[in-house]
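In: Model the following, please.
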Amino acid sequence: MARLLIIEDSPTHRAEIRAALEPSQLFDSILEAEDGLVGLKLLLSESVDVVLCDLHMPGLDGEKLLHIKAQKGVSAEIPFLFLSATQDLDQHVRLLENGASDTITKPFHPAELVARLRLHLKLKRLQDELREKNTMLARLSTTDPVTGLRTRRYAAEVLNIEWIRARRYRSPLSVMRPTSTTSST
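Out: Predicted structure coming up:
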């Protein structure tokens, strides 16, 4: 279930975006915000996969919203695309350097809008999948898959962390290493 958040002050432009996207069936749900403040509230309270935001809006504009989003701890993995009526290259570069995923110039062509959103949605899904696989690999590297017990690698990692902590606080560190003995009688 893919969810899009459109932050656009013009009801006409929001309707154009929705009309361009509906035939593609790219998103199961499309949320709309009429300004940056409402968009920020939705971004903080709703789970979204992609944000499409107008750059120039009264009050909280797109660039300010991008900075506040980062300060509020909103995931940087959510693609944040801007729509802009200007072709100010310096501003577009600044946006990309500050965390924007892409900029699309208005008026946009519906096919280009759909293609860019499809691309960023695919990239997000691949990144989510990669993050999940990395978490699984990290867990497998420290846990025996058969017994569910922690491995020697886990013990070595914990020992290293505790060793560093003991040195930093100049506190003693004791280590016990259990062994098993079997009698062959």
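In: Which parts of stretch 54-64 count as buried, going by neighbours?
Out: Within stretch 54-64, the residues that count as buried by 16 or more other C-beta atoms under 10 Å are 54-55, 57, 60-63. Bear in mind the C-beta positions are built from the backbone N, C-alpha and C, glycine included.
In: what sits up against it?
Out: 7-10, 13, 35-37, 39-40, 53, 68, 82-86, 91, 94-95, 98, 103 (C-beta atoms under 8 Å, 6 or more residues apart in numbering).
In: Sort out for me which of the residues you listed are in helices.
Out: When DSSP state H is applied, the contacts of stretch 54-64 are split such that 13, 36-37, 39-40, 68, 91, 94-95 fall in helices.
In: Could you check which helix or strand contains the spatially closest residue to Asn98 that is not a sequence neighbour?
Out: Nearest non-adjacent residue to Asn98, counting by C-beta to C-beta, 6 or more residues apart in numbering: Leu66, 5.8 Å away. Applying DSSP states H and E as the criterion places Leu66 in helix 62-71.
In: Phi, psi for the residue most central in space within the chain please.
Out: Centrality entry for the chain: nearest residue to the mean C-alpha point is Glu77, 1.7 Å, by C-alpha atoms, centre = their mean. Main-chain torsions, Glu77, degrees, to the nearest 10: phi -80, psi -10.
In: How about the contacts made by Thr142?
Out: By C-beta under 8 Å, 6+ apart, the contact set of Thr142 is 150-151, 153-154, 157.
In: Mind doing that once more with 6 Å?
Out: The contact partners of Thr142, by C-beta atoms under 6 Å, 6 or more residues apart in numbering, come to 151, 153-154.
In: Out of these, which is nearest to Met1?
Out: Tyr154 (35.5 Å; C-beta to C-beta).
In: Secondary structure element holding that closest one?
Out: Secondary structure from DSSP H and E places Tyr154 in helix 152-169.
In: So which elements touch that helix?
Out: helix 110-142 (3 or more C-beta pairs under 6 Å, 6 or more residues apart in numbering; DSSP states H and E).
In: Could you list the low-pLDDT ranges of this structure?
Out: Regions of the chain meeting the criterion pLDDT under 70 cover residues 182-185.
In: quick check: domain ranges of it?
Out: Using automatic domain parsing, the domains assigned to the chain come out as 3-137, 139-169.
In: can you tell me which of these comes nearest to Pro178?
Out: domain 139-169 (10.5 Å).
In: residues of stretch 62-71 that come out buried?
Out: In stretch 62-71, counting by 16+ other C-beta under 10 Å, buried: 62-63, 65-66, 68-69.
In: which one of those sits closest to Ala115?
Out: Gly62 (21.0 Å).
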